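> Requesting a structural model of the entry that follows:
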Amino acid sequence: MKRIITADLVLPQRTVWGTLTVEGNRITSIEEKGPFRPGEDIVVPGFVDIHFHGVGPYGTLTEEDINGIASFEPSNGVTAFTPALGASPRDLRLEFLRSVRELVRSPRPGNALCAGSHLEGPWLEYEHRGGMGADMLALPTDEAVSEAIAEADGTLRLVTLAPELDNALHAIALLKKAGVTVSIGHSGASPEQFAKAVDAGLSHVCHLFDAYSPREVIEGVTRYCLADACLMEDRVTVELIVDGFHVPPELIKLACRLAGTKRIVAITDSMQGTGLPNDKYIQEDGTYYYLDNESVCRAVDGDHGIVGSCLTMKKAFFNLVRKWGFSLEEASRMTSLNPARVIGLDGCTGSLEAGKFADMNILAGEDLALKACLVRGETAFGA
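Here you go, the predicted model:
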């Protein structure tokens, strides 16, 4: 089946008025016809979310939940995703890896593509655990890391760990050899420890500025810190939760100026309940949190600390463009191409280019509202 779409097209380097042709599951041609026309429909690549713990009524623990996410996410403009599991017991971790593995092997037409799994833990540092359960944390032993790699059988895409932990550098090397992208997160590593981890194969940064050590000031002198090192290191990509609460907008702009939008990855870090009414929901570790759609998700017990967001990818794109002034191309890079590159999918998705999969969103020119989402050429949401 052939489909021709005429609209403003957000291409990797520019936005133009033109015609995009889809045949089967691929973009077969793009014809530029003139300059950007404000107010017309806008076509952007499908969003890729590589870090979230749930959305709508679904968590990320079971195969049923992950199938539900795959059917739900096109309503948020997401065409590919890697569900994340926080620090959890071994049996739940292995169940999660198996569930994702089966869905990757048996995708359902018209759903967003589950590209693989993301383990955010349990190999995290105690003082920087954030909303993770302290009793769920562990050291990255060769046995545990190798077991996760084997259970996923090629579908483990991303692992977040604290590189200062015992055996972490060897774990990074094991994961890299298996084709897994390794991310620093929930870490109190020094800039020197971070540099050694990058040399060992670490190439990504989990939600920068969240669950990181504060900047140290000694005798009135501000010291170089881990966040600085992450932004200065050209060999790593950097996640930001772009809800305006986890990271102040000023820091989002600063990070993009320092690292450049080619290295920044917009994520949601969303929780189950995202897109649903304010209410109390349950995490993977059995603890409860309260979701406030005008703010964040906070733990019900203890210090009521932040445990995640209720951000969607379509809202993330809107925030970047309309709230903080990024260009359509920059926002598209951060929500589509860059995350696709992190998980090794940029050769087939993440940008509007002839030969790539027809994964795209049609947005209203006035308010960037999502009108339709296509996954591999099939309409998965809208008309």
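> residue ranges with poor pLDDT in the stretch 151-300 of the chain?
Counting by pLDDT under 70, the stretch 151-300 of the chain shows low-confidence ranges at 284-285.
> show me where it has strands.
156-161, 181-184, 204-205, 217-218, 221-222, 237-241, 264-267, 279-282, 288-291, 297-299 (DSSP state E, counting those that start in this stretch).
> Of these, which is nearest residue 318?
Closest approach to residue 318 among the strands of the stretch 151-300 of the chain (C-beta to C-beta): strand 264-267, 11.1 Å. All C-beta spots, glycine's among them, are computed from the backbone N, C-alpha and C.
> Other residues contacting that closest one?
49-52, 204, 207, 237-242, 255-256, 313, 316-317, 320, 331, 334-335, 338-339, 342 (C-beta atoms under 8 Å, 6 or more residues apart in numbering).
> what's the burial count for the residue nearest to residue 172 when sequence neighbours are not counted?
Nearest non-adjacent residue to residue 172, counting by C-beta to C-beta, 6 or more residues apart in numbering: residue 200, 4.5 Å away. By other C-beta atoms under 10 Å, 17 other residues sit near residue 200.
> Next: residue 312.
Residue 312 has 25 neighbours, counted by other C-beta under 10 Å.
> ok, now the one 4 residues further on?
Residue 316 has 26 neighbouring residues, counting by other C-beta under 10 Å.
> if I read this right, it contacts residue 240, doesn't it?
No. Contact criterion C-beta atoms under 8 Å: residue 316 and residue 240 do not qualify, at 9.4 Å.
> I figured the residue nearest to residue 172 hits residue 169, correct?
Yes. In this structure, residue 200 is within contact of residue 169 by C-beta under 8 Å, at 4.6 Å.
> isn't there a helix covering residue 139?
No. Residue 139 is assigned coil when assessed by DSSP: H, G, I helix; E, B strand; the rest coil, not a helix.
> That one and residue 167, how far apart?
Per C-beta to C-beta, to the nearest Å, residue 139 is found 6 Å from residue 167.
> any idea of the angle the lengthiest helix in the chain forms with strand 156-161?
Using DSSP state H to define each element, the chain has its longest helix at helix 90-105. If you take axes from the mean of the first three to the mean of the last three C-alpha atoms, to 10 degrees, helix 90-105 sits at 150 degrees to strand 156-161.
> Could I get the contacting residues of residue 134?
residue 126.
> where does it fall, phi/psi-wise?
phi -60, psi -40 (degrees, to the nearest 10).
> Spatially central residue (nearest the centroid) of the chain, please.
residue 50 (2.9 Å; C-alpha atoms, centre = their mean).
> pLDDT averaged over the next helix or strand after the longest helix of the chain - what is it?
On the C-terminal side of helix 90-105, the nearest following helix or strand under DSSP states H and E is strand 113-114. In this model, strand 113-114 carries a mean pLDDT of 97.
> Show me what strand 113-114 is packed up against.
helix 63-72, strand 78-81, helix 90-105 (3 or more C-beta pairs under 8 Å, 6 or more residues apart in numbering; DSSP states H and E).
> Return the alpha-carbon coordinates of the first one using CSV.
Once non-C-alpha atoms are left out, helix 63-72 reads as follows in CSV (Å, rounded to 0.1, in the frame of the first residue of the first chain):
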residue,chain,number,x,y,z
GLU,A,63,4.7,-9.8,29.4
GLU,A,64,1.1,-8.8,29.6
ASP,A,65,2.0,-5.4,30.9
ILE,A,66,4.7,-4.8,28.2
ASN,A,67,2.3,-5.9,25.5
GLY,A,68,-0.1,-3.3,26.9
ILE,A,69,2.5,-0.7,26.8
ALA,A,70,3.2,-1.5,23.1
SER,A,71,-0.4,-0.9,22.3
PHE,A,72,-0.8,2.2,24.4
